[in-house]
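Chemist: Sharing a model prediction with you, sequence too.
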Amino acid sequence: MGRHGARLRWVVVLVSVTVAVLATVDMFVEREREWARGGDQVAVTVEAHLPEPEQVAGVAAAFGWPDAVNVIGEPDHQSVVLHLRWSGPPREGHYQVILLDGRVVPARVLPPYGGWDAAGATGFNWAGAYEVLAERYDWLADTAPRETPDGSVTSGDHGAIGTRARAEGSLVAVFRLDPHALPLDETSHLVVAFCYVEPDGEVRWAKRVPVPASA
């Protein structure tokens with residue numbers, strides 16, 4: 001009976017370990033699927049304009065930025081004004097919008113200026129947690145930290161414009177090219193990364209959204 005009881009305990013332990021391993025594998029598979037397909041549940045459209053410096057405020061206002069008079073264009077930094085709309089399941093947390101210049105490889109992250117959504121001005125941000133994007137998506141390789149000549153590591157001028165992850169929403173976002181970048185004459189060279197970030201700051205997935213050609 002003692003030998004039988006010991007054997008039974010080993011069976012129980014083995015079954016428990018097997019269940020735990022299978023559960024871990026299932027979680028890993030599900031997480032990998034989320035990285036690859038998580039954005040499929042959200043439909044995103046984007047419209048982009050490349051206004052002259054004196055036209056930036058007017059374009060932002062036309063897209064729905066109420067006090068866009070304060071959005072100032074700069075002659076040395078070409079501006080890109082985006083209008084994004086999305087619909088999908090309601091979520092906690094935020095969507096983060098990153099804009100990239102696809103004329104170079106890897107596509108270059110453009111510095112943000114600011115944004116406006118239903119709650120008002122959104123500003124911009126960057127967090128170390130976003131660097132995982134470079135590990136998960138080849139097309140977001142430029143989000144990785146950069147090494148400076150002195151050996152230190154920096155995120156440079158990386159930035160994202162955030163908005164609450166509503167089921168349906170819209171965002172007006174302004175980005176600016178680096179002053180040393182070649183002038184952009186066609187919006188179809190741009191790519192939007194539409195990223196979902198949970199309330200605790202963990203990035204769950206990124207959706208690639210091509211920008212259509214200028215009208």
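Modeler: Arrived safely, thanks for sending. What you see is a predicted model, and the numbers here were worked out from it, not measured in a lab.
Chemist: Pull the number of nearby residues for the closest residue to Val153 other than its chain neighbours.
Modeler: Among residues not flanking Val153 along the chain, Pro145 sits closest, at 4.6 Å (CB to CB, 6 or more residues apart in numbering). Every C-beta, even on glycine, is put in place using the N, C-alpha and C of the backbone. By the criterion of other CB atoms under 10 Å, Pro145 has 14 neighbours.
Chemist: Give me the phi and psi for Pro145.
Modeler: Here is the backbone geometry of Pro145 (degrees, to the nearest 10): phi -60, psi 150.
Chemist: Retrieve the pLDDT associated with it.
Modeler: For Pro145, the model assigns a pLDDT of 87.
Chemist: Please apply the same query to Gly5.
Modeler: 57.
Chemist: Point out where the chain drops to low pLDDT.
Modeler: 1-28, 151-152, 215 (pLDDT under 70).
Chemist: domain ranges for it?
Modeler: 1-40, 42-210 (automatic domain parsing).
Chemist: any idea how far the residue nearest to Val153 lies from Gln41?
Modeler: According to CB to CB, to the nearest Å, Pro145 and Gln41 sit 30 Å apart.
Chemist: on contacts alone, who are the packing partners of the helix or strand containing Val59?
Modeler: Here Val59 sits within helix 56-63, counting by DSSP states H and E. Judged by 3 or more CB pairs under 8 Å, 6 or more residues apart in numbering; DSSP states H and E, the packing partners of helix 56-63 are strand 79-87, strand 168-176.
Chemist: give me the number of residues near Ala43?
Modeler: Residues near Ala43, counting by other CB under 10 Å: 13.
Chemist: Repeat that for the one 5 residues further on.
Modeler: Per other CB under 10 Å, the neighbour tally for Ala48 reads 24.
Chemist: With His77 as the reference, measure out to the closest residue to it other than its chain neighbours.
Modeler: Leaving aside its chain neighbours, Ala48 sits nearest to Thr187 (4.1 Å; criterion: CB to CB, 6+ apart). According to CB to CB, Thr187 stands 17 Å off from His77.
Chemist: between these two, which one's more packed in?
Modeler: For Thr187 versus His77, neighbours defined as other CB under 10 Å are more numerous around Thr187 (20 against 15).
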